[in-house]
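1. everything below, folded, please.
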Amino acid sequence: MLLDAENRYNMMEKLALTLITAKKKLQQYFESHTIIVYTDYPMKQVLNKPDLSGRLSKWAIELGTYDIQFLPRKAKKGQVLANFLVEIQSFTPDTLPELLELEAEWVWTMHTDGASNSQGAGIGIVLEAPSGLKIEEAIRLEQFATNNEDEYEALIYDLELARDMGIRRLKVRGDSKLMTEQVVENFDTKAPHLTSLLKKVSELKAQFHQFELVQIPREQNQKADALAKLAFAGECPRHSAISRSHSPRDSEVFSTSSELECWMDPIIRYLTKSELPTHAKNAKLLCLRAQRYSIIHGTLYHRSFNGPYLQCLRPSEAKKLLEEIHEGTCRNHIGGRSLAHKAFTARYYWPYMMTEAHDYAKKCDKCQRFAPTIHQPAQVLHSIIAPWPFAKWGMGVVGELPRAVGGKWYALLATDYFTKSVVAEAYIMISKTDTMGFIWKHIICQFGIP
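-> Below you'll find the predicted structure:
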């Protein structure tokens, strides 16, 4: 039945049929509540078209009796669950563990890539199961690394992920020729910082029954490359990554979290355990940065220049603080600069306070709706030479022209500044009398005194 529906229905008909099915199963909710549908497809425009026909017309009339609103989808979390239910619809909860155990014996394919620049380093992973299920992950690395180190870090994380999922046969695809040849022992590894990483890769790949690493062209690894670049597209606290929790008895459970690692964690580890990044440059920067912080009763504080210590906040805590100050109990919807100053005077601190406060204030819906109207012009006003038609004229003499009938080879021209309309007349010679007659006949008598 599913295969038949896939062949007979287009995408819009499938979405409308999904709404019809949901309406039949949740009739009482559709009748008593406003239903909000998040979708990236223009369903509202399609269902409201007057020239619909066939089954889509019937469904549009049936859905039109309910209060249904169509909004663009913002977050991907709900869509991930929907896609997951569609993919496992033919399996029952009793057969799912057996399916995962069976897939563990099959060959899984993994695309990996690493990227780094002045903003940071990141890795991208695309893990594809034999059944077609894909797992995509973008991870930002705290320490700065070279491109080769980043490729090795991505491969190590791939192998750890596959090992924790219970995968026994793995085929890895990457676009780094140096890393691929070194892992398969075709190239020698002379750099000391790569030798330790290669040793870690060798220990991990020995834990698989079958392991294969193949270099592919860069254009065939675009998705993993895009995920790697996405990992460091912005500041670390503002990006989320996919985490995993593994139990030997349970199947793999995937969740999303935006605070797996934030700007505070490396500083806390250095101040409490003296842990430093492996890269020498990053270690030196962290030592210099940590001098402005202290840990008091297990809480990280920032040393201000001329005031008390400021309590450091994580990204979610900073967002809640801005929300409370801007539109909380004592809300006054202040601007971004005042919002950051209030958070600072309340003895709180996090990087990019001013930037995030400005961004938060700009996105406030009430501030945009009820802001005072600005009557000041956007730019300096300039006076207009001719504010209405035929108020100002420009005249000129053209000649000598090719001699015309009557021996005329000069012309008088008059152009209106506003409409750009032109008046012209030819003369043998242009005198004072001819000019006065031209102005009287063609300008004053037709359009009035300028």
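2. for the residue lying closest to residue 121 once chain neighbours are set aside, give its distance to residue 154.
-> Nearest residue to residue 121 in three dimensions, chain neighbours excluded: residue 141, at 4.2 Å (CB to CB, 6 or more residues apart in numbering). All C-beta spots, glycine's among them, are computed from the backbone N, C-alpha and C. Noted for residue 141: a distance of 9 Å to residue 154, by CB to CB, to the nearest Å.
3. below-threshold pLDDT in the stretch 201-350 of the chain: ranges please.
-> Residue ranges of the stretch 201-350 of the chain with pLDDT under 70: 231-260, 330.
4. thinking again about what came up before, shared neighbours, residue 141 and residue 154?
-> residue 123 (CB atoms under 8 Å, 6 or more residues apart in numbering).
5. tell me what the longest helix along the chain is packed against?
-> Using DSSP state H to define each element, the chain has its longest helix at helix 147-164. Contact here means 3 or more CB pairs under 8 Å, 6 or more residues apart in numbering; DSSP states H and E; on that basis helix 147-164 packs against strand 107-117, strand 120-128, strand 134-141, strand 169-174, helix 177-183, helix 192-205.
6. switch these over to JSON lines; also include distance to residue 286 and mean neighbour count.
-> Listed next are those as JSON lines, based on distance: least, CB to CB, whole Å; neighbours: other CB atoms under 10 Å:
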{"stretch": "strand 107-117", "distance to residue 286": "17", "mean neighbour count": "22"}
{"stretch": "strand 120-128", "distance to residue 286": "14", "mean neighbour count": "23"}
{"stretch": "strand 134-141", "distance to residue 286": "14", "mean neighbour count": "20"}
{"stretch": "strand 169-174", "distance to residue 286": "29", "mean neighbour count": "20"}
{"stretch": "helix 177-183", "distance to residue 286": "27", "mean neighbour count": "19"}
{"stretch": "helix 192-205", "distance to residue 286": "17", "mean neighbour count": "15"}
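7. out of the ones you listed, which is closest to residue 337?
-> strand 120-128 (27.8 Å; CB to CB).
8. direction included, what does the closest one pair up with?
-> strand 107-117 (antiparallel), strand 134-141 (antiparallel) (DSSP bridges).
9. could you export the shortest one as CSV, CA atoms only?
-> What it means is strand 134-141. Taking Å, rounded to 0.1, in the frame of the first residue of the first chain, the C-alpha atoms of strand 134-141 are listed here in CSV:
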residue,chain,number,x,y,z
LYS,A,134,22.0,8.4,7.8
ILE,A,135,23.5,10.0,10.9
GLU,A,136,25.1,13.4,10.3
GLU,A,137,27.2,15.2,12.9
ALA,A,138,29.1,18.5,13.1
ILE,A,139,31.5,19.0,16.0
ARG,A,140,33.6,22.1,16.9
LEU,A,141,37.0,21.5,18.3
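10. just to revisit the earlier point, wait, doesn't the residue nearest to residue 121 sit right on residue 150?
-> Yes. Assessed by CB atoms under 8 Å, residue 141 is found in contact with residue 150 at 7.2 Å.
11. mind listing the shared neighbours of the two?
-> Here residue 141 and residue 150 have 116, 121-123 as joint contacts, going by CB under 8 Å, 6+ apart.
12. ok, the residue nearest to residue 430 when sequence neighbours are not counted - contacts?
-> Leaving aside its chain neighbours, residue 430 sits nearest to residue 410 (5.1 Å; criterion: CB to CB, 6+ apart). Residue 410 is in contact with 397-401, 426-430, counting by CB under 8 Å, 6+ apart.
13. quick one, which of those residues are buried?
-> Among the contacts of residue 410, the ones that count as buried by 16 or more other CB atoms under 10 Å are 426-427, 430.
14. run a quick neighbour tally on residue 322.
-> Residues contacting residue 322 under the criterion other CB atoms under 10 Å number 24.
15. which helix or strand contains it?
-> Mapping residue 322 onto the secondary structure by DSSP states H and E places it in helix 315-327.
16. list the buried residues for that helix?
-> 315, 318-319, 321-322, 325-327.
17. now render those as TSV, adding distance to residue 201.
-> TSV is the format used below for the buried residues of helix 315-327 (distance: CB to CB, whole Å):
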residue	distance to residue 201
315	33
318	38
319	38
321	43
322	43
325	49
326	49
327	50
